[in-house]
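> pasting a predicted model and its sequence here:
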Amino acid sequence: MRLSEVCFRYSRRGPWVLRDVELTLRPGSVVEVTGRNGAGKSTLLRLLAGIVPPSRGTISERPRTVGYAPDVFPADQPFTVTAYLTHLARIRGVRSGAIGPLAARLDATPLLERRLGDLSKGSAQKVGLIQALLTPPGLLILDEPFAGLDAQTRRELPEIIGEIAAGGGTIVVSDHQNRLENFPGADHWLVGAGGVDAETGRGPRQVVIEVLVDAERAEEVERKLRADGHTTRRTG
Amino acid sequence: MLPLVCFKLAAYTRSHRLLQPMIALFVMLVVFYSSPIPQGKELTSYGDSAGLLILVFAWAARGLLDTEPPTQRLISMTAAGRPIREIGAGLLAALAVNLGLAAIALGLPLLHGFAAMPSIGDLLRGAALHLLGLGAGTALGALTSRPIMPSPAVSLLALFGGYLAMLLISLTPVGALTVPITRWMRAANTGTLDAALIPLTAATLFWGALGTAAYVRLRRTRP
């Protein structure tokens, strides 16, 4: 996907939010977008998602399936979580069977029968993530996805991002909290002054170390490794 | 696009926003048909109903398009694949609601209101006039919906003001510059509707299409 000389402003006489942006997104890449408040991060994400067209310039080769999770999920809607996600699955042309496994992975199964309006901010954020992941996205746009999430989901989300990238999907994440700062191989974009400074990821090469531990100590060891910034996956 | 239309209709009905235009519709119908309409005057009555209910159709369309939170529209755009599908689904859902309201406006006087059953021809002419009314009303409602006019006060003033302007301008010699509401009312009253129906339909469709095209164009940068 490529952005060529992209400029954007919300009205004909309004100020330019972005000017002459030139960017390339490779399949399988993960991009962390940072910048001060009002710098234009959300606008850039909406341009990438195809929600708004650029005022000038072109965006080409956008993947067919786009998943978008906004920074604040719109919970003020008259549906239960299941009813809402079922509607979104139908809109995406997939069966609602995809909802259960995603909800389980994001620890959202107990939320399924609750009304959207009764959800806390973090729970609503999980619903926003599930709807974005209902079909394997070729382009996944996450606007501040870590805000309000519990510890388990904060740990799970980078794994999901890694899996989508491994499958050839492109992931762009606006990340005020810098949770993806050390994500292996991630590119980093700094939005500001109407432009985007892109820095290609130069993460360290990764290896897999298998560690055998007693079953009763597995939790403790896993916690220690994660606290040190390592990614763990339990088998057996 | 159909699942997105269903989603919007489900949100609209579950939010109870439908009650507002429904109540307005029934109040207007009670006023129209408080005394029995004499035989032979059914088409006059349908003509007035179609012209005056534009306001209710516009209100219903605006309410439906305002039901979703702004951020949900962004989600729907990406889920549907393209923004135009979300915009189109909103307009189709508004048309579907207004078809229901128009059916009530056509059917209720048959049960209570008309002294005698109108001819099939008059029933079809009445249906055609209501279709014109709902088309114009849907376009007006879309142009005053939240993505275009974020302030509820400005939006409501524009909706009522827009309708009043259409009604008043259509009374003047420059009536061709707007939806010909009073012309179709007059034609229905004087029995000249058959001769005037094609130009009236063309003029109404032109203004309705122009309003809808303006709405779609404006939504490009107002998702």
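Looks like it came in fine.

> the top helix by length along chain A packs against which elements?
Residue-count comparison of every helix in chain A, with assignments taken from DSSP state H, identifies helix A:151-166 as the longest. The helices and strands touching helix A:151-166, judged by 3 or more CB pairs under 8 Å, 6 or more residues apart in numbering or on different chains; DSSP states H and E, are strand A:30-34, helix A:121-132, strand A:139-143, strand A:170-174. Just so you know, the C-beta spots here come from the backbone N, C-alpha and C atoms, and that holds for glycine as well.

> in which helix or strand would I find the closest residue to A:L3 other than its chain neighbours?
For A:L3, the nearest residue in space outside its immediate sequence neighbours is A:L23; the separation is 4.4 Å by CB to CB, 6 or more residues apart in numbering or on different chains. A:L23 belongs to strand A:18-24 when elements are defined using DSSP states H and E.

> quick one: strands adjacent to that strand?
Listed by DSSP bridges, the sheet partners of strand A:18-24 and their directions read strand A:2-8 (antiparallel).

> quick one: name whatever helix or strand follows the longest helix anywhere in chain B.
Longest helix in chain B by number of residues, with DSSP H as the criterion: helix B:83-111. On the C-terminal side of helix B:83-111, the nearest following helix or strand under DSSP H and E is helix B:120-143.

> in that following helix, which residues are buried?
B:122-123, B:125-143 (16 or more other CB atoms under 10 Å in any protein chain shown).

> which strands and helices sit next to that helix?
Contacts defined by 3+ CB pairs under 8 Å, 6+ apart place helix B:120-143 against helix B:42-52, helix B:54-67, helix B:83-111, helix B:152-169, helix B:181-190, helix B:193-219.

> okay, the angle between it and helix B:193-219?
Relative orientation of helix B:120-143 and helix B:193-219, computed by axes from the mean of the first three to the mean of the last three CA atoms, to 10 degrees: 20 degrees.

> so A:N178 makes contact with A:T34?
Yes. In this structure A:N178 lies within contact range of A:T34 using CB atoms under 8 Å: 6.9 Å.

> these two: which is more packed in?
Taking neighbours as other CB atoms under 10 Å in any protein chain shown, A:N178 and A:T34 compare with A:T34 leading, 20 against 11.

> now that one. Nearest residue, chain neighbours left out?
A:L190 (5.7 Å).

> dump the residue contacts of the one you found.
A:34-35, A:196-197, A:199 (CB atoms under 8 Å, 6 or more residues apart in numbering or on different chains).

> which helix or strand in chain A has the lowest average pLDDT?
In chain A, no helix or strand scores lower on mean pLDDT, DSSP states H and E than strand A:195-199, which sits at a mean of 82.

> ok now the longest helix of chain A, how far from the chain's centre?
In terms of CA atoms, centre = their mean, to the nearest Å, the centre of helix A:151-166 is set 9 Å apart from its chain centre.

> okay, buried residues for that helix please.
Of the residues in helix A:151-166, those buried by neighbour count under the rule 16+ other CB under 10 Å are A:153, A:156-158, A:160-162, A:164-165.

> which of those residues sits closest to chain B?
Nearest to chain B among the buried residues of helix A:151-166 is A:I164, at 15.2 Å by CB to the nearest CB.

> quick one: the closest one and A:M1, what's the gap?
15 Å (CB to CB, to the nearest Å).

> buried residues in the longest helix of chain B?
Within helix B:83-111, judged by 16+ other CB under 10 Å, the buried ones are B:83, B:85-95, B:97-98, B:100-102, B:105-106, B:108-109.

> helices and strands around it, which ones?
Under the contact rule (3+ CB pairs under 8 Å, 6+ apart), helix B:83-111 is packed against helix B:2-14, helix B:19-32, helix B:42-52, helix B:54-67, helix B:70-80, helix B:120-143, helix B:193-219.

> related to what we said a few turns ago, and the angle for the longest helix of chain A with helix A:121-132?
Compare the direction of helix A:151-166 with that of helix A:121-132 by the same axes, to 10 degrees and you get 20 degrees.

> ok, and what's touching helix A:151-166?
By CB under 8 Å, 6+ apart, the list of residues contacting helix A:151-166 reads A:28-30, A:105-107, A:122, A:126, A:129, A:133, A:136-137, A:140, A:142, A:145-146, A:149, A:171, A:173, A:179-180, A:183-184, A:226, A:231, A:233.

> quick one on the thing from earlier: and the helices and strands packed on helix A:151-166: which comes nearest A:L112?
helix A:121-132 (9.4 Å; CB to CB).

> taking the centroid of chain A, which residue is nearest it?
For chain A, the residue nearest the mean C-alpha position is A:L142 (3.1 Å; CA atoms, centre = their mean).

> not counting sequence-adjacent ones, nearest residue to that one?
Computed as CB to CB, 6+ apart, the closest residue to A:L142 that is not its neighbour in sequence is A:V173, at 4.5 Å.

> residues from chain B in reach of chain A?
Applying CB under 8 Å from any CB of the partner chain, we find that chain B lies next to chain A at B:3-4, B:6-7, B:10-11, B:14-15, B:68-72, B:74-83, B:220-221, B:223.

> hang on, the earlier thing: which SS class is the residue nearest to A:T34?
Classification of A:L190 using DSSP: H, G, I helix; E, B strand; the rest coil returns strand.

> tell me what it is bridged to.
A:T34, A:D197.

> for the least confident helix or strand in chain B by mean pLDDT, list every residue counted as buried.
Confidence across the helices and strands of chain B bottoms out at helix B:181-190, with a mean of 90, counting by mean pLDDT, DSSP H and E. By neighbour count, with 16+ other CB under 10 Å as the criterion, the buried positions of helix B:181-190 are B:181-188.

> pLDDT weak spots in chain B?
Counting by pLDDT under 70, chain B has no low-confidence residues at all.

> try 90
Low-confidence regions of chain B, defined by pLDDT under 90, span residues B:1, B:34-35, B:40, B:112-113, B:115, B:170-179, B:191, B:195-196, B:220-223.

> show the contacting residues for A:Q77.
When the contact criterion is CB under 8 Å, 6+ apart, the partners of A:Q77 are A:84, A:116-117, B:11, B:68-69, B:72.

> what does chain A have sitting close to chain B?
Taking CB under 8 Å from any CB, the part of chain A that reaches chain B is made up of A:10-11, A:46, A:49-53, A:55, A:64, A:66-68, A:70, A:72-74, A:76-79, A:83, A:87-88, A:90-93, A:128, A:131-132, A:134, A:141.

> buried ones among those residues?
Taking 16+ other CB under 10 Å as the criterion, what is buried in those is A:46, A:49-52, A:55, A:66-68, A:70, A:73-74, A:77-79, A:83, A:87-88, A:90-92, A:128, A:131-132, A:134, A:141.

> which ones among the residues you listed lie within strands?
Secondary structure assignment by DSSP state E places A:66-68, A:141 of these in strands.

> convert the C-alpha atoms of stretch A:96-116 to CSV, please.
Listed in CSV are the C-alpha atoms of stretch A:96-116, where the atom choice follows Å, rounded to 0.1, in the frame of the first residue of the first chain:
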residue,chain,number,x,y,z
SER,A,96,-21.2,-15.3,13.6
GLY,A,97,-19.2,-18.4,14.7
ALA,A,98,-16.1,-16.2,14.5
ILE,A,99,-17.3,-14.2,17.6
GLY,A,100,-16.9,-16.9,20.3
PRO,A,101,-13.2,-17.7,19.8
LEU,A,102,-12.3,-14.1,19.5
ALA,A,103,-14.2,-13.2,22.6
ALA,A,104,-12.6,-16.1,24.5
ARG,A,105,-9.1,-14.9,23.4
LEU,A,106,-9.8,-11.3,24.5
ASP,A,107,-11.4,-12.6,27.8
ALA,A,108,-14.7,-11.1,26.7
THR,A,109,-16.9,-14.2,26.8
PRO,A,110,-18.7,-13.0,30.0
LEU,A,111,-19.6,-9.7,28.2
LEU,A,112,-21.5,-11.3,25.3
GLU,A,113,-25.0,-11.1,26.8
ARG,A,114,-24.5,-7.7,28.3
ARG,A,115,-25.8,-4.5,26.8
LEU,A,116,-23.3,-2.3,25.1
